[in-house]
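*Asks:* turn this into a structure:
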Amino acid sequence: MSSTAGLPPAFTTSALLASSWGSAATAAGLVRSLEGATGRVSVPPAGAPAWRSVPGDALGALKEQAASERGVPWPQPLVSHYARYFRDGNRTAYENLVAARQQRLTRAVVMALTTTDREAASAWLDEVIDGAYLMCEQSSWSWAAHDDVFSRSAEVVPDMARPFLDLGAGEVAAQLGWLDHLLGSELDARAPGLRRRMRDEAATRVFQPFLERLDWHWLGLDGDVHNWNPWIHSNLIAAALFLVGDPHLQAEIVERCIEGLDRFLASIPADGAIDEGFAYWWNGAGRALEGLKLLEEATGGALDAGLPLIRELVSFPHRMHIGGAWFLNVADGPARAAEALPWDMLHSWAVRLGDQDAGAPRRVNAGPSPWGRCRAGARPAFAARRFARPNRRGTAGSLHLSRVRADHGGPRNRRVRGRPAPGGERRPQR
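*Replies:* The predicted model follows:
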């Protein structure tokens, strides 16, 4: 039975993806199209020639930092850090430690993949194993600012019997999923049992709550659809592809994720405008594009996402570009782009759709454009890339006018539910 049973009619009909993909987007169709999916994913596992040919300059800072922290105790988030949010509203005491732990784990994964010396690679693999195990041992994958434990019970300790599925939990599940895809065979040889532990934790903390509960606010079942929707659903697609062995359960999870992405896309106007602006585009529309790309690859093109609305979403950052690293800002988003954004993801979509304006290297007014770091045909080593800052001449030398739609409720802003402002929404490196 389709997982749409019992959902409001508004979200079970006229859905873009479902109507475009038909039976291929159902659980039955997905069981067939996802067979052998991991072999079609463009990011190869360990041992592939691509990992041995990563340019040395691409690893410079990452390699240096990874070497400096190996052998040093891992960041240790404590319950006193978790409780800070409920006591005095401080969320970063906990979240910064969790982010540091995840980022260190990612650096170790990259080093294990790219180190050619066998003994050194084994040492990096041990670092990966320790980091992955620490994530499994971490009592909560959710961030305290999102957890409902205090509102339900007045307690400040995470309730492991009722895990909260939020942005943080989705990030950890996807991170462990990609780790499993990249280093699965190596983990089996060096730490038998760890992959099973990762799967068990993901099932308990993420997949079961996702399938069993329909009261997650980010599902958008009440019509309030925001950027948590594609952020979490796209992470769950990756986690399901790499961590779920049962093809029927995997298909059920992915089907539900497609339905969720459909609700997000239904909230986007035909011109692809994001009412929270460029800064939030990356963790909303950008997250949806990541999930759709992975679905397209995993199904061998059976789920083709080259749809008109997707083209408009891809064009949005270009249309908001003023010059250099400056963009038209709306809501509470900054006008200057963050220094590390996955421009290659946007560029690959522009190339895929034949949108030269959205994907071509260009200079606009003052300062180098971030598009200039993306070259057609180049597959960067990392998702998050730095781009050159504009020069000190300041703003662009002409006046830019923009028509902004004014809805009475203003742009959807989820910070009322504990979301940090742009720049605070960390994208753990994968």
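*Asks:* quick check: phi and psi on Phe327?
*Replies:* Main-chain torsions, Phe327, degrees, to the nearest 10: phi -140, psi 150.
*Asks:* okay, it and Val41: tell me how far apart.
*Replies:* Using C-beta to C-beta, to the nearest Å, one obtains 31 Å as the distance from Phe327 to Val41. Just so you know, the C-beta spots here come from the backbone N, C-alpha and C atoms, and that holds for glycine as well.
*Asks:* so these two - more neighbours on which side?
*Replies:* The residue with more neighbours, out of Phe327 and Val41, is Phe327; 23 against 17, by other C-beta atoms under 10 Å.
*Asks:* without its sequence neighbours, what residue ends up closest to the more buried one?
*Replies:* Excluding the flanking residues, the one nearest Phe327 by C-beta to C-beta, 6 or more residues apart in numbering is Phe278, at 4.2 Å.
*Asks:* hang on, isn't the one you found packed against Arg319?
*Replies:* No: the criterion here is C-beta atoms under 8 Å, and Phe278 misses it with Arg319 at 9.3 Å.
*Asks:* out of those two, which sits in the more crowded spot?
*Replies:* Phe278 (24 against 16).
*Asks:* now do the contacts for the more buried one.
*Replies:* Phe278 makes contacts with 316-317, 320, 327-329, 333, 337, as judged by C-beta atoms under 8 Å, 6 or more residues apart in numbering.
*Asks:* which of the residues you listed has the most neighbours?
*Replies:* Neighbour counts for the contacts of Phe278, by other C-beta under 10 Å, peak at Ala337, which reaches 25 neighbours.
*Asks:* am I right that Ser348 sits in a helix?
*Replies:* Yes: Ser348 forms part of a helix when assessed by DSSP: H, G, I helix; E, B strand; the rest coil.
*Asks:* how about the nearest residue to it, chain neighbours excluded?
*Replies:* Lys293 is the one closest to Ser348 (C-beta to C-beta, 6+ apart), at 7.4 Å.
*Asks:* give the contact list for that neighbour.
*Replies:* The neighbours of Lys293, taking C-beta under 8 Å, 6+ apart as the test, are 305, 345, 348-349.
*Asks:* which of those are buried?
*Replies:* 305, 345, 348-349 (16 or more other C-beta atoms under 10 Å).
*Asks:* make JSON lines from the residues you listed and add pLDDT and distance to Asn96 to it.
*Replies:* Below are these laid out as JSON lines (pLDDT from 0 to 100; distance: C-beta to C-beta, whole Å):
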{"residue": "Ala305", "pLDDT": "95", "distance to Asn96": "35"}
{"residue": "Met345", "pLDDT": "93", "distance to Asn96": "25"}
{"residue": "Ser348", "pLDDT": "92", "distance to Asn96": "31"}
{"residue": "Trp349", "pLDDT": "95", "distance to Asn96": "31"}
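*Asks:* farthest-apart pair in these, please.
*Replies:* In the buried ones among the contacts of Lys293, two members sit farther apart than any others by C-beta to C-beta. They are Ala305 and Met345, at 13.1 Å.
*Asks:* residue ranges of the helices in the stretch 101-250 of the chain, please?
*Replies:* For the stretch 101-250 of the chain, applying DSSP state H, counting those that start in this stretch gives helices covering 118-137, 149-153, 167-190, 194-202, 208-212, 228-243, 247-266.
*Asks:* so which elements touch the longest one?
*Replies:* In terms of contacts (3 or more C-beta pairs under 8 Å, 6 or more residues apart in numbering; DSSP states H and E), helix 167-190 is packed against helix 92-114, helix 118-137, helix 194-202, helix 228-243.
*Asks:* recalculate using a threshold of 10 Å.
*Replies:* helix 92-114, helix 118-137, helix 194-202, helix 208-212, helix 228-243, helix 285-298 (3 or more C-beta pairs under 10 Å, 6 or more residues apart in numbering; DSSP states H and E).
*Asks:* okay, and for the stretch 301-430 of the chain, where does confidence drop off?
*Replies:* For the stretch 301-430 of the chain, the stretches flagged by pLDDT under 70 are 360-430.
*Asks:* what do Ala305 and Met345 both touch?
*Replies:* Residues touching both Ala305 and Met345 (C-beta atoms under 10 Å, 6 or more residues apart in numbering): 289, 293.
*Asks:* now render the buried ones among the contacts of Lys293 as CSV, adding distance to Trp216.
*Replies:* Shown next, in CSV, are the buried ones among the contacts of Lys293 (distance: C-beta to C-beta, whole Å):
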residue, distance to Trp216
Ala305, 24
Met345, 25
Ser348, 30
Trp349, 27
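*Asks:* any stretches of the stretch 151-300 of the chain with poor pLDDT?
*Replies:* For the stretch 151-300 of the chain, no stretch is flagged by pLDDT under 70.
*Asks:* can you count the residues close to the nearest residue to Asp180 once chain neighbours are set aside?
*Replies:* What sits nearest to Asp180 in space, not counting adjacent residues and going by C-beta to C-beta, 6+ apart, is Phe242, at 5.0 Å. Neighbour count for Phe242, taken as other C-beta under 10 Å: 26.
*Asks:* show the contacting residues for Phe242.
*Replies:* Residues near Phe242 by C-beta under 10 Å, 6+ apart: 37-38, 41, 173-174, 176-182, 184, 198-199, 202, 250, 298.
*Asks:* any of these buried? List them.
*Replies:* With burial judged by 16+ other C-beta under 10 Å, the buried subset of those is 37, 41, 173-174, 176-182, 184, 198-199, 202, 250, 298.
*Asks:* any idea how far the residue nearest to Leu113 when sequence neighbours are not counted lies from His321?
*Replies:* Excluding its sequence neighbours, the residue lying closest to Leu113 (C-beta to C-beta, 6+ apart) is Trp51, at 4.5 Å. As judged by C-beta to C-beta, Trp51 and His321 stand 33 Å apart.
*Asks:* more neighbours: those two, which one.
*Replies:* Legend: neighbour count by other C-beta under 10 Å for Trp51 and His321, higher for His321 (24 against 19).
*Asks:* mind listing the residues bridging to the more buried one?
*Replies:* Here His321 sits in beta bridges with Phe327, as judged by DSSP bridges.
*Asks:* burial measure for the nearest residue to Tyr94 once chain neighbours are set aside, as a count.
*Replies:* Residue nearest to Tyr94 in three dimensions, not counting chain neighbours: His81, with 4.0 Å by C-beta to C-beta, 6+ apart. His81 has 19 neighbours, counted by other C-beta under 10 Å.
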